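>>> What follows is a predicted structure for the sequence shown.
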Amino acid sequence: MTSIEKAQTTSGMFSVSATQSLTGSLSLSGEDTTLHLWGDKIENIDTLDRVTITGILENQKNASLIDCIVTRQERYFGKDGVFYHYRFFPHYVVIGARHRSSSEKTITKISFVIDDAMALFHDRYAFGTVDIPLDRVKDITSIDLFEKIQFEDSYPIFAYWTGKMQIFSADTTLGKISACHQPSFDMGGPHGACISNRIVVFVEFSEAKSVKDADVEIRKVLRFFHTILGRPQNLVELQIIDDGDPHPESSDLHLTMYPKHSRRSSAREPDFRDILVDAATDREDFSHLLREWLVKEETWRIARSRFAFGWSRGSSYDADRIVGAANMFDLLPDTAVPSNSTLEGCLEATVQQSRKLFKGLPKGEKRDGILGYLGRVKKPTLKEKIRYRSQVISDRIGDSIPDIDEITDAAVDLRNMFVHGNTSSTARMDKLQGAIGFLTDTLEFVFCASDLAESGWKLESWHKKQKGAGHPFADYLRSYSEELAQFRR
């Protein structure tokens, strides 16, 4: 198992081609991961693009550096003549019992650990401690395992694990996804005794994947966890599990382009009471939501990625974020928005007459642009799309978000000002810019909450719970009335 918390450097011998090997060192440090190679000139170095470099590390493990690009090359003169120093950036690094290529589809199972696993999978009854009353101590000491232990006439304390391994399991379009406890313990002594635990997520793919394909699938699951927890997740560990090998051995997989998310001491910490659905106590609901959410992933992927990027910025708001938040709704599939806009009879007739007139004019950029607009006039506007999505939430908790369409319309107005220029009064522009945080949060809340609700999230039940400040949705709904009143003032 490997950790992304600090850089790891190891030396080895690396093969750039079937006929050329060079000594080098590999420094694993996320987006700063670098392979240094020293030795003879690499022929055709300028033509190498997304090459796979294999190596044997000093610990005799096999390293496969997939999709490497050359970031720097230098030539030096020494007493033994000319030698070269090359630097490569690999997009993927696999360290294990054998080498892997970029194209081979042999990965059937992976496991990973995220840094907020204990909040997401808060299985509070799997581990614990218990005081033993005096009248029950004899029951314990009668067990053969404790025959050599002398219990005092006070209250002994027992630490326990129930033996429960699996927290949840769901069959999805990706394959079987599950989370399990992996406890460890020491033998105890004068220092005390301890049972520690970590929670590991497993993904068993429905069909074998390449390294790049596995990366794509993992990120889908991580985006879901990001949504449920309210903040993006760091990958603490990631492994390929070779269950099908005669002598199975896991390989460490490093996604060098996966971002490292800051965990400042002042940052919001997820709390199990605030997460949108409890995977440990509501396993069926969690599994159903994950399964249905992934069914929509292919058609929603671009919009969801845009949402995740904006949401990861926390309390930082600017023009780019609100423009991206509004544009998410234009990236939705047709099934997620109204099919068309209704035109009054006179408008319908006017549009048809206008199309005939403009079609009779000579072709030109503006003429074609106007015809394009007239062809789209019956399609739903951005405001209509967002109102359609907000209705999904209003149908469930409308009393808590009164007049939310007023806010989403204002958010689109601000988006349009940033995209098309200031078409309104200075006072209106200042008012909207002053509320950019509230307007952005509203667009992101409508997008995400409606997506989850349609996928099976029990929004009403979650909203009735006593909540803290561990999820952005809780903050948004708690402050909605005050923010609405402030916006109107």
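That came in fine, so what should we check first? Residues are numbered from 1 along each chain as shown.
>>> Apart from its chain neighbours, what residue comes closest to L382?
Closest residue to L382 apart from its sequence neighbours, by Cβ to Cβ, 6 or more residues apart in numbering: V412 at 5.4 Å. C-betas here are computed from N, CA, C, even on glycine.
>>> Please identify which helix or strand holds the one you found.
Taking DSSP states H and E as the criterion, V412 maps to helix 404-420.
>>> Return the set of buried residues in the next helix or strand after that helix.
For helix 404-420, the succeeding helix or strand toward the C-terminus, using DSSP H and E, is helix 426-434. Buried residues in helix 426-434, counted by 16 or more other Cβ atoms under 10 Å: 429, 431-432.
>>> In TSV, list the residues you listed along with distance to A319 and pLDDT.
Listed next are the buried residues of helix 426-434 as TSV, based on distance: Cβ to Cβ, whole Å; pLDDT from 0 to 100:
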residue	distance to A319	pLDDT
M429	12	86
K431	16	89
L432	11	92
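>>> From those residues, pick the one nearest S481.
Distance to S481, by Cβ to Cβ, is smallest for K431 among the buried residues of helix 426-434, at 18.7 Å.
>>> returning to that earlier point: report how many residues lie close to the residue nearest to L382.
Neighbours of V412 under the rule other Cβ atoms under 10 Å: 21.
>>> how much space between it and V392?
18 Å (Cβ to Cβ, to the nearest Å).
>>> returning to that earlier point: quick one: contacts for the residue nearest to L382?
Shown in contact with V412 (Cβ atoms under 8 Å, 6 or more residues apart in numbering): 326, 382-383, 386.
>>> Show me the two of those that sit farthest apart.
Farthest-apart pair in the contacts of V412 is A326 and K383; separation 9.5 Å (Cβ to Cβ).
>>> Filter the contacts of V412 down to just the ones in strands.
Residues from those lying in strands, with DSSP state E as the criterion: none.
>>> thinking again about what came up before, same drill for A326 and K383, tell me which one is more crowded.
Just comparing A326 and K383: by other Cβ under 10 Å the higher neighbour count belongs to A326, 26 against 18.
>>> Based on its surroundings, how many neighbours for the nearest residue to P380 once chain neighbours are set aside?
Leaving aside its chain neighbours, P380 sits nearest to P338 (4.6 Å; criterion: Cβ to Cβ, 6+ apart). P338 has 16 neighbours, counted by other Cβ under 10 Å.
>>> just Y125 next, same as before
Residues lying near Y125 (other Cβ under 10 Å) number 10.
>>> next one: M417
18.
>>> chain center to stretch 228-236: distance?
Between the centre of stretch 228-236 and the centre of its host chain there is 6 Å, according to Cα atoms, centre = their mean, to the nearest Å.
>>> what comes into contact with it?
Residues contacting stretch 228-236 (Cβ under 8 Å, 6+ apart): 3-5, 112-116, 119-120, 222, 225-226, 255, 258-261, 263, 267-268, 270, 274-277, 308, 311-312, 314, 470-473.
>>> can you check stretch 24-42 too?
2, 4, 6-14, 16, 20, 22-23, 48, 53, 55, 57, 63, 65, 68, 71, 82-90, 93, 254, 256-260.
>>> where exactly do the strands run in this protein?
8-17, 20-28, 34-39, 51-57, 62-78, 81-96, 107-114, 127-131, 157-161, 166-171, 175-185, 195-209, 235-241, 250-255.
>>> How is the chain divided into domains?
Structural domains assigned to the chain are 8-96, 107-126+162-255, 313-338+380-488, 345-376, following automatic domain parsing.
>>> end-to-end on the second one?
End-to-end span of domain 107-126+162-255 (Cα to Cα, to the nearest Å): 15 Å.
>>> Kindly tell me how buried R124 is, as a neighbour count.
10.
>>> Likewise for P232?
Quick note: P232 (other Cβ under 10 Å) scores 21 neighbours.
>>> any chance of the domains of the chain in JSON lines, plus distance to L294?
Formatted as JSON lines, those follow (distance: least, Cβ to Cβ, whole Å):
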{"stretch": "domain 8-96", "distance to L294": "23"}
{"stretch": "domain 107-126+162-255", "distance to L294": "5"}
{"stretch": "domain 313-338+380-488", "distance to L294": "9"}
{"stretch": "domain 345-376", "distance to L294": "32"}
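>>> and P133, which of the ones you listed is closest to it?
domain 107-126+162-255 (20.3 Å).
>>> pLDDT averaged over that closest one - what is it?
Mean pLDDT, computed over domain 107-126+162-255, is 91.
>>> circling back: give me the distance between the residue nearest to L382 and K385.
10 Å.
>>> for P133, same thing?
Note on P133: its distance to K385, by Cβ to Cβ, is 63 Å.
>>> Settle it for me: which of the two has more neighbours?
Per other Cβ under 10 Å, whichever of P133 and K385 has more neighbours is K385, with 21 against 10.
>>> Would you agree that one is in contact with M328?
No. Applying Cβ atoms under 8 Å, one finds K385 not in contact with M328, separated by 9.8 Å.
>>> Run a quick neighbour tally on S101.
Neighbours of S101 under the rule other Cβ under 10 Å: 12.
>>> confidence score at the residue lying closest to D285 once chain neighbours are set aside?
Nearest residue to D285 in three dimensions, chain neighbours excluded: V277, at 5.4 Å (Cβ to Cβ, 6+ apart). On pLDDT, V277 comes in at 93.
>>> Over to R428?
85.
>>> nearest spatial neighbour of it, skipping sequence neighbours?
That would be D413: by Cβ to Cβ, 6+ apart, it lies 7.9 Å from R428.
>>> Could you tell me how far that neighbour is located from T10?
55 Å.
>>> With E58 instead?
Using Cβ to Cβ, E58 is found at 6 Å from T10.
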